[in-house]
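Enquirer: got a sequence here, can you model it:
(3 chains, ligands or ions: 2)
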Amino acid sequence: MAAPPAAPVNKEGGLPRFARRLRGALDALYLAGGVAGAVALVGILVVVFLQMAARWTGIRFPGSGEYAGYAMAAASFLAFAHAFDRGVHIRVSLVLARLGRFRFFAELWCFAVGTGLSFYFAWYAVKAVRWSYRFGDVSQGQDATPLWIPQLAMAAGAVLLGICFLDHLVRLAATGESGIRADTLDEAQGE
Amino acid sequence: AAETWDMPLAYPASNFHSENAAAFGKCVTDATKGAVTIVTHPNGALFKGNDIKRAVQTGQAPIGERLLSAHANENVLFGVDSIPFLATSFDDAEKLWTAAEPKVAALLDSQNLVYLYSVAWPPQGLYTKKPIASAADLKGVKFRAYNAATARIAELAGMQPVQIEAAELSQALATGVVDSFISSGATGYDSKVWEQLGYFYEVDAWLPRNTVFANKDAFEGLSETDRKAVEDCAAEAATRGLQMAKDYTGRTLKGLSDNGMKVEKPADALASDLKGYGEVMTGEWLKQAGDDGKAIIDAYRGK
Amino acid sequence: MHEFELTLLFVAILFFLLASGVWVGLALLGVAYAGMILFTSRPAGDAMITTIWTASSSWSLTALPLFIWMGEILYRTRLSEDMFRGLAPWVAPLPGRLLHTNIAGCTLFAAVSGSSAATLATVGRMTIPELRRRAYPERMTIGTLAGAATLGLMIPPSLTLIVYGVTINESISKLFIAGIVPGLVLALLFAAYVIAWSLMRPAELPPPEPRTGFREKLAASRFLLPVLGLILVVIGSIYLGIATATEAAAFGVLGALALAAAQRSLDWERFAASLMGATRTSAMIALILAGSAFLSLAMGFTGLPRAAAAAIAALELSRFELLMALLVFYIVVGCFLDGISSVVLTMAIVEPMIRQAGIDVIWFGIFVVVVVEMAQITPPVGFNLFVLQGMTRHDMGYIAAAALPMFLVMVAMVFILIAFPGLVTWLPDYMRAAPA
Ligand code: NA
Ligand code: NA
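Expert: Numbering: from 1, shown residues only, chains lettered A, B, ... in the order given. Ligands and ions are numbered 1, 2, ... in the order given. Here you go, the predicted model:
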């Protein structure tokens, strides 16, 4: 898999050092979110097996269903930005593909709307966590978990997605290339 | 000014609580001459059951209905209607609620909610595969424990607790993952439980309640006459709902036996064993519930 | 009329956001936001999070990423290759040949999974590369997959049937049993379409594989053992009561890992690649699910689905007319909402209609599943289209066009159900009559 880098190397190379560091940090951040999501996905598997084992042996595992649900949410939200960075989130490109030299402006609109909506989502996700904390909202299941804890994953993932969108929007506006790494797609999708 | 109150309900439109709420909504719409139009959204179509209280608290919906005992993790007082084997008839359940209502209403008020009315579900009975004469027969039975109270009952009776979500109960019964659970006659009737189980014991373990509440800001935004109209309709709905619950109980129990289930009062031995668990669990509840809880139970027991 | 104009505006915003290329999940979020602003004074952002959190942290959803992961693992083993080696001699004499593996694979996997997205992701991950390698026409590969994967909803277990059963208080086990025969009939219809298509356009198919004798076919069938074993483990765990339908997905992952280990295709690199691939795909689907949960809430506040259903009720149609009206209604609703939401949002009005018209509710459940299945493959909002787009990188228009014949097959299925209601009712009635 020969993956051309996101933006031409000479341009990246020409960036001041702090910008290069920022670039590296952001890329690492998205990947870290993806890895955390993957860990949560393994977490679902583990919880489901523990839940079955508990039932077979008659041992109680109160709130197992809730824990699996929290892991589900973490697996999804934490990986949003990583999936976006790798071009996995889908869109209807029927019109975009036919815009020719106007495509840049349409892309700008898409990334701007995406940035706006993901920050809107992030804003309220963070607010919801703060409210859950203030109200002392607890799970209604047997786990009785304070809800702000699992909801942190939602808020973190939403903020990460917002940053990721903004990052790509800025890159698009500055270089004409969004830097979505759709080229890392594996064999089944290419061809 | 005329306003629309969207009212999320967790249960299907044909459920008697939903029908009662729809009648309440119509009553309010008529009595306020359209100043408040209540539109019910049954079946979790707007907000799911779990979300309704928080949604009304924060003004995402102006009014809603919720099984309050589901929020007992948040405050044990919400679970007063679901202490097993404490109030085991419609009359006792009403008496218990009369004692509890002011405290619960005050608690709701502290959460930006205005208590309107509350209606009991049919009493919770014991479904089993095999006949049960006393608690000794319950030993080792695979019992659906879906919350702390049912898990404790399993523990006290030496049953094997099995955690199964409601949506998968039918399948779990069919495949023998579970062979006993506690729920109302209505649940078993609605899910046609006779396809898998043979016995229903009317142990009347408890009568959980659905409670209707409004957002405080929305409610206080109404004119005084409109507020009065809402309260009058609520009182009517409480009375009507109780009768509906009783009718429904009779109808569903008859339905269970018409479909070949044995529907029986528990044998004396079983009844007294269960009452013993009730004493234990009431004591445990009182330890958590503090003075408010003690006041409610004392008032209920007529001390 | 004021309401009417608002509705048009609402639909226009949806089309504009989607068509201009905004990512699907966010486009749904945006139109839902617009709906909240247009139709209600409720705080949109808070309601959005309430709904999205509940929808995203749902325990019943956990089977989806696990099945996707299972598909990712299997894709990295020889399993799909083996499956094709085992199936090829059997389907070779049939016109359409290996295209039938899509249908057979989905039918089998539907018995394991309750969702059509999981069925599509798992089966497609295995069959698309193999069919491409053999130069089968892309349109047919994609179309048959999109259509056949909807069997995941009809053949038990089925999430849609669970929601329908809970909504109208009908026995879920009875609904499940009722879905078996129509599911198989629909699978046969898809196969019949493939046969008819290939007879008309034999030139578009790759050259046939060499003919084989019965003994050779049987010998090649040993390659099917691993995949059959895996399916048996998953289905067996459900029917033996070891796992619930949701938990069975965990057995699927474990079985796939065991298979991969047995074939010595399991190393750290492939394990990590399968896990990261599954995480990205499920994040993609989760973002769309989040947007669609919020859209469903906004639709509830707008009251549009209820109003439309009530308008149909007011027409006082005959039984057949009512079914036709509901068919059109659910196809239109299905363009915008996923199946479960359209059931939940409309059943309060539709249930009394059908009961009044004397329509059997079990039969209607299967009817609803077929029309909801259609919704999975109609643009602009169709989950199978989204998942296929993610897997194949074709544009939505291409995929929707490829799936159109399957949509028409499903319309035919609706008329078959109306003409022969016994297809639905026979098996549950028979089971009931049998001594317990
Ligand atoms: Na299925
Ligand atoms: Na659709």
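Enquirer: any idea how far residue C:284 is from residue C:85?
Expert: 31 Å (CB to CB, to the nearest Å). Every C-beta, even on glycine, is put in place using the N, C-alpha and C of the backbone.
Enquirer: please disregard the earlier target; I meant residue C:316.
Expert: Computed as CB to CB, the residue C:316 to residue C:284 distance reads 45 Å.
Enquirer: between these two, which one's more packed in?
Expert: residue C:284 (27 against 11; other CB atoms under 10 Å in any protein chain shown).
Enquirer: let me see the ranges of the strands in the stretch 201-303 of chain B.
Expert: B:209-215, B:262-264 (DSSP state E, counting those that start in this stretch).
Enquirer: interface residues of chain A facing chain B?
Expert: Chain A comes close to chain B at residues A:51, A:54-55, A:58, A:60-62, A:64-65, A:131, A:135-142, A:144, as judged by CB under 8 Å from any CB of the partner chain.
Enquirer: run through the stretch 151-300 of chain B and note the low-pLDDT ranges.
Expert: Low-confidence segments of the stretch 151-300 of chain B (pLDDT under 70): B:167.
Enquirer: which residue does it bring closest to ligand 1?
Expert: The nearest approach of the stretch 151-300 of chain B to ligand 1 comes at residue B:171, 12.6 Å away (CB to the ion).
Enquirer: would you mind listing what in the stretch 1-150 of chain B touches chain A?
Expert: Proximity of the stretch 1-150 of chain B to chain A, by CB under 8 Å from any CB, involves residues B:50, B:54, B:57-58, B:70-71, B:73-74, B:111, B:145, B:147-148.
Enquirer: what's the farthest-apart pair in the residues you listed?
Expert: Distances among these were taken as CB to CB; the most separated pair is B:58 and B:145, at 31.8 Å.
Enquirer: which of the two has more neighbours?
Expert: More crowded of residue B:58 and residue B:145, by other CB under 10 Å: residue B:145, with 25 against 18.
Enquirer: which parts of whichever strand or helix holds residue C:16 are buried?
Expert: In the assignment (DSSP states H and E), residue C:16 maps to helix C:2-19. For helix C:2-19, burial by neighbour count (16 or more other CB atoms under 10 Å in any protein chain shown) applies to C:6-7, C:10, C:13-14, C:17-19.
Enquirer: ok, which of those also contact chain A?
Expert: Checking the buried residues of helix C:2-19 against chain A by CB under 8 Å from any CB, the ones in range are C:17-19.
Enquirer: returning to what we had before: mean neighbour count, the strands of the stretch 201-303 of chain B: which tops it?
Expert: strand B:209-215 (a mean of 25; mean count of other CB atoms under 10 Å in any protein chain shown).
Enquirer: wait, doesn't residue C:312 sit right on residue C:357?
Expert: No - applying CB atoms under 8 Å, one finds residue C:312 not in contact with residue C:357, separated by 11.3 Å.
Enquirer: got any residues that touch both of these two?
Expert: Any residue near both residue C:312 and residue C:357 by CB atoms under 8 Å, 6 or more residues apart in numbering or on different chains counts here, and that gives residue C:322.
Enquirer: perfect, I'm done here.
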